[in-house]
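# Quick one, structure for this:
(one chain, ligands or ions: 1)
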Amino acid sequence: MSDHLKRIAAQEAVREIRDGMIVGLGTGSTAAHFIRLLGERVRAGLNIRAIPTSENSAALAHEEGIALTTFEQHPTLDLTVDGADEVSPELDLIKGLGGALVREKVVAHASRRVLIVVDEGKLVDRLGTRTVIPVEAIPFAADLVVLQLQKWGGSASIRQKNGRHFISDNGNCVIDWSHGLVDNALEMEKRIKAVTGVVDSGIFAGIASSVISAGPSGIRRMDR
Ligand code: A5P
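Numbers count the residues shown, from 1 in each chain. Okay, here's the model as predicted:
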């Protein structure tokens, strides 16, 4: 059911893509729907170039025949379409359960507009309601970052995959921090980023321009 809703939200987003755009490709199952639908339009003649937020999304774009570009050639993107793990009423986000948070944030910051596509189960009254806060840190510092986050409250642990540390596309660890409800997303984002050894966190405050959510009763669009 939620996969069907993710596809519906992605379908709505793909309608915003116009000829000549430089498009940011998000990561995750909702972004994958978007990339496949965009591929259909490219094969029908749409001329765009894209910058992916992960190796997985780059591979999918390649399969779909979507031409990729670089920040060297295109330092500003027209529109990025990405998923999220939580969306607050202020359109602040938690992202990164898929582990691509740093590239997602880099691409979002380089974009004129950031469109987030979710199933409506991701909408929360306050960030931290249903998910951990992912924090990417260089491996050398990861244990120290865990201790710092725990000092601030809640539990934190280095993400595991197949019995080993999960390693991001950037060669880093991801720490999942169960902090609980976040009072001030921007302040929390800055506070985490100031920890030495942290690359960035999955809190995206003030970055989303619009959110499209799909639910059983239809599609809802929220603009900043
Ligand atoms: C990837 O790192 C994440 O930020 C994803 O955008 C997020 O986890 C949403 O994923 P789904 O679309 O698979 O729910």
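
# Near the ligand, which residues of this structure are found?
6, 26-31, 82-85, 95-101, 104 (Cβ under 6 Å from any ligand atom). Just so you know, the C-beta spots here come from the backbone N, C-alpha and C atoms, and that holds for glycine as well.

# Which secondary structure state is assigned to the nearest residue to residue 170 once chain neighbours are set aside?
Excluding the flanking residues, the one nearest residue 170 by Cβ to Cβ, 6 or more residues apart in numbering is residue 102, at 5.7 Å. Put simply, residue 102 is helix when judged by DSSP: H, G, I helix; E, B strand; the rest coil.

# wait, is residue 146 part of a strand?
No: Residue 146: not assigned to a strand; according to three-state DSSP it is helix.

# if you skip the residues just before and after it, what's nearest to it?
residue 156 (4.7 Å).

# likewise residue 14?
With Cβ to Cβ, 6+ apart as the criterion, residue 14 has its nearest non-adjacent residue at 4.4 Å, and that residue is residue 37.

# what's the answer for residue 160, then?
Using Cβ to Cβ, 6+ apart, the nearest residue to residue 160 is residue 166, at 6.3 Å.

# Residue 100 is in contact with that neighbour, correct?
No: the criterion here is Cβ atoms under 8 Å, and residue 166 misses it with residue 100 at 11.4 Å.

# ok so, going back, verify the stated contact: the residue nearest to residue 14 with residue 10.
Yes: using Cβ under 8 Å, residue 37 is in contact with residue 10, at 5.7 Å.

# higher neighbour count, these two?
Set residue 37 next to residue 10 and count neighbours by other Cβ atoms under 10 Å: residue 10 wins out with 26 against 20.

# isn't there a strand covering that one?
No: counting by three-state DSSP, residue 10 is not found in a strand; it is helix.

# and it, what is it in contact with?
Contact analysis of residue 10 by Cβ atoms under 8 Å, 6 or more residues apart in numbering lists 30-31, 33-34, 37, 81, 117.

# what's the answer for residue 138, then?
Going by Cβ under 8 Å, 6+ apart, residue 138 touches 172-173, 197, 199.

# Go through those and flag which are in strands.
Judged by DSSP state E, the subset of those located in strands is 173, 199.

# thinking again about what came up before, the strand or helix carrying the residue nearest to residue 146 pairs with which strands, and in what direction?
Assigned by DSSP states H and E, residue 156 falls within strand 155-158. Its sheet considered, strand 155-158 pairs with strand 173-178 (antiparallel) by DSSP bridges.

# Just the residues contacting the strand it pairs with, thanks.
With contacts defined as Cβ under 8 Å, 6+ apart, strand 173-178 is touched by 96, 99, 101, 132-139, 142, 145-146, 149, 154-159, 165-168.

# In this structure, where's the longest strand?
When the chain is parsed with DSSP E, its longest strand is strand 111-119.

# Which neighbouring elements make contact with that strand?
Under the contact definition 3 or more Cβ pairs under 8 Å, 6 or more residues apart in numbering; DSSP states H and E, strand 111-119 sits against helix 2-14, helix 29-43, strand 77-82, strand 210-215.

# what's the average pLDDT for that strand?
Averaging pLDDT along strand 111-119 gives 97.

# From the chain's centroid, how far away is it?
Centroid separation for strand 111-119 versus its chain: 9 Å, with Cα atoms, centre = their mean, to the nearest Å.

# for stretch 204-211, same thing?
Counting by Cα atoms, centre = their mean, stretch 204-211 comes out at 10 Å from the chain centroid.
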